[in-house]
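A.B. asks: Could you look at this predicted model? Sequence included:
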Amino acid sequence: MRWLDALAPELEYHGLVGERRAHARRVPPSWRARLPSDTWGRLCMSSGVRIAFRTNSPTIATRADWISCQVDRSSAIDVYLNEQFYSQLVPTGIGAAEAVVYEGPVRDQLVELYLPAYSEIRFVGAGVDTAAAIEFPDRAGRPCIVFYGDSITHGAVTARAGTTYPARIARTLGVDFINLGASGAARGEPAMAEIIASLARDVIVLAYGVNTFGSSYEEPRRFEETYDQFLGILRAAQPSVPIVILTPLLHSREFELTTRGGAKLEEYRRVIREVVYRRQSFGDANLILIDGHGVIGPGQDDLLADVVHPNDQGFGAVADVLGSQIRRILSLI
């Protein structure tokens, strides 16, 4: 086989903030000092990072080095051929893994490797038959969606790297995406808003609030200030980019749980609605609000894998609702 190293010019990277890099942290180290340690730790995981190339090779292999690993299929690299799931490279633990991920007829194929949502990984390279062609797929110019949210956006607890709701939406619409979901650590820090504001993008999706509620990090009044500040940073950088805002989905214990200050999750939804309505009343027509209970709400517990995270059917429901809204937005741009 002929092996291409991680930064070979034939390989196209997606889902990274900044320059392409083999160590697939979603955000470059220059941001580390400005982010809380738990947020930085989550962003070191490779959710939404994809490596693509086009080849006619009858044999395709890949190599990677796992720096952190959950030793289950959620830590695997998903292999998509012509945008259809085909196989996985499954690690056995921390350390290097290599496998043939395609062996079959000679045919021109777009190969896309989805790196795992909940592992920190260093991509090592891709291998093809020595006589095969391999080339850069050059998909520049596609619309780009930036997603920011909690563990649901990050990818918990979907079965595979390619079945997070951002990945489902992107494949359905034929767009590019960056997933900045930070499991358990999406609290709307100004630095996260600045990262998003620095990116070239066509639509932004915000889906956070439940981490602030669940950890009692901020009570609703303070959360209102934080949320408005986050939107303010985005709007200062890009006054008219469409921002789709999803309030928290059903938490099956939300009617009994409260913060230390006694607030329920619905109060955080109310805060988000009020911030959005106020900004809309001041003329911001490119804020689009989606009620989380309208996606997964009371009586739809079967769409949850646990008390808060959707199962794969639930991820499909989220992708359907958000994807329909994003499709409409892109048709107007």
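C.D. replies: Looks like it arrived, so ask away.

A.B. asks: Name the SS class of Arg260, please.
C.D. replies: coil (DSSP: H, G, I helix; E, B strand; the rest coil).

A.B. asks: right, I mislabeled it, should have said Leu322
C.D. replies: Reduced to three states by three-state DSSP, Leu322 is helix.

A.B. asks: do the same with Val27
C.D. replies: Following three-state DSSP, the label given to Val27 is coil.

A.B. asks: shaky segments in the stretch 151-300 of the chain?
C.D. replies: Residues of the stretch 151-300 of the chain meeting the criterion pLDDT under 70: none.

A.B. asks: Please disregard the earlier target; I meant the stretch 1-150 of the chain.
C.D. replies: Filtered on pLDDT under 70, the stretch 1-150 of the chain yields the residue ranges 71-73.

A.B. asks: can you pull the contacts of Ala263?
C.D. replies: Neighbour list for Ala263: 213, 219-220 [criterion: C-beta atoms under 8 Å, 6 or more residues apart in numbering]. For every residue, glycine as well, the C-beta is placed using N, CA and C.

A.B. asks: again, but for Asp320
C.D. replies: Asp320 sits next to no residue when contact means C-beta under 8 Å, 6+ apart.

A.B. asks: how much space between it and Gln313?
C.D. replies: Separation of Asp320 from Gln313 (C-beta to C-beta, to the nearest Å): 11 Å.

A.B. asks: before we move on, what about Arg171?
C.D. replies: Per C-beta to C-beta, Arg171 is found 17 Å from Gln313.

A.B. asks: before we move on, what SS does the most far-flung residue of the chain relative to its centre have?
C.D. replies: Largest separation from the mean C-alpha position in the chain: Ala131, at 36.0 Å (C-alpha atoms, centre = their mean). Here Ala131 is recorded as coil under three-state DSSP.

A.B. asks: tally of neighbours for the closest residue to Val128 other than its chain neighbours?
C.D. replies: The shortest distance from Val128 to any non-neighbouring residue, by C-beta to C-beta, 6 or more residues apart in numbering, is to Ser57 (3.7 Å). Applying other C-beta atoms under 10 Å, we find 26 other residues in the vicinity of Ser57.

A.B. asks: Quick check: Ser57 touching Ala126?
C.D. replies: No - with contacts defined as C-beta atoms under 8 Å, Ser57 does not count as touching Ala126, sitting 9.6 Å away.

A.B. asks: Are there residues contacting both of these two? Which ones?
C.D. replies: The contact sets of Ser57 and Ala126 overlap at Ile134 (C-beta under 8 Å, 6+ apart).

A.B. asks: if we can go back for a sec, can you tell me which of the contacts of Ala263 end up in strands?
C.D. replies: If you go by DSSP state E, the contacts of Ala263 have nothing in strands.

A.B. asks: can you tell me how far the residue nearest the centre of the chain sits from Tyr86?
C.D. replies: Closest to where the C-alpha atoms of the chain average out (C-alpha atoms, centre = their mean) is Asn179, at 2.6 Å. To Tyr86, Asn179 is 21 Å away according to C-beta to C-beta.

A.B. asks: now Glu103
C.D. replies: Taking C-beta to C-beta, one finds Glu103 at 11 Å from Tyr86.

A.B. asks: Between those two, tell me which one has more neighbours.
C.D. replies: Tyr86 (16 against 11).

A.B. asks: re the thing from before, what values do phi and psi take at the residue farthest from the centre of the chain?
C.D. replies: Dihedral angles of Ala131 (phi, psi; degrees, to the nearest 10) stand at phi -90, psi 0.

A.B. asks: Hmm, Ile145 and Arg201 touching each other?
C.D. replies: Yes - using C-beta under 8 Å, Arg201 makes contact with Ile145 at a distance of 6.8 Å.

A.B. asks: returning to what we had before: who has more neighbours, Arg171 and Gln313?
C.D. replies: Taking neighbours as other C-beta under 10 Å, Arg171 and Gln313 compare with Arg171 leading, 19 against 13.

A.B. asks: quick check, that one in a helix?
C.D. replies: Yes - checked against three-state DSSP, Arg171 lies within a helix.

A.B. asks: Isn't it up against Glu83?
C.D. replies: Yes - in this structure, Arg171 is within contact of Glu83 by C-beta under 8 Å, at 5.6 Å.

A.B. asks: So which bits of stretch 272-291 are buried?
C.D. replies: Neighbour-count burial for stretch 272-291 flags 272, 275-276, 279, 286-288, 290-291 (criterion: 16 or more other C-beta atoms under 10 Å).

A.B. asks: got the residue ranges for the strands in the stretch 1-150 of the chain?
C.D. replies: Ranges of strands in the stretch 1-150 of the chain, per DSSP state E, counting those that start in this stretch, are 2-5, 12-14, 50-55, 59-66, 77-81, 84-89, 95-103, 109-114, 121-128, 134-135, 144-149.

A.B. asks: Output the contacting helices and strands for the fifth one.
C.D. replies: The elements that strand 77-81 packs onto, with contact taken as 3 or more C-beta pairs under 8 Å, 6 or more residues apart in numbering; DSSP states H and E, are strand 59-66, strand 84-89, strand 95-103, strand 109-114.

A.B. asks: which residue packs closest to Gln70, ignoring adjacent ones?
C.D. replies: In space, and not counting its chain neighbours, Gln70 is closest to Tyr118: 5.7 Å by C-beta to C-beta, 6+ apart.
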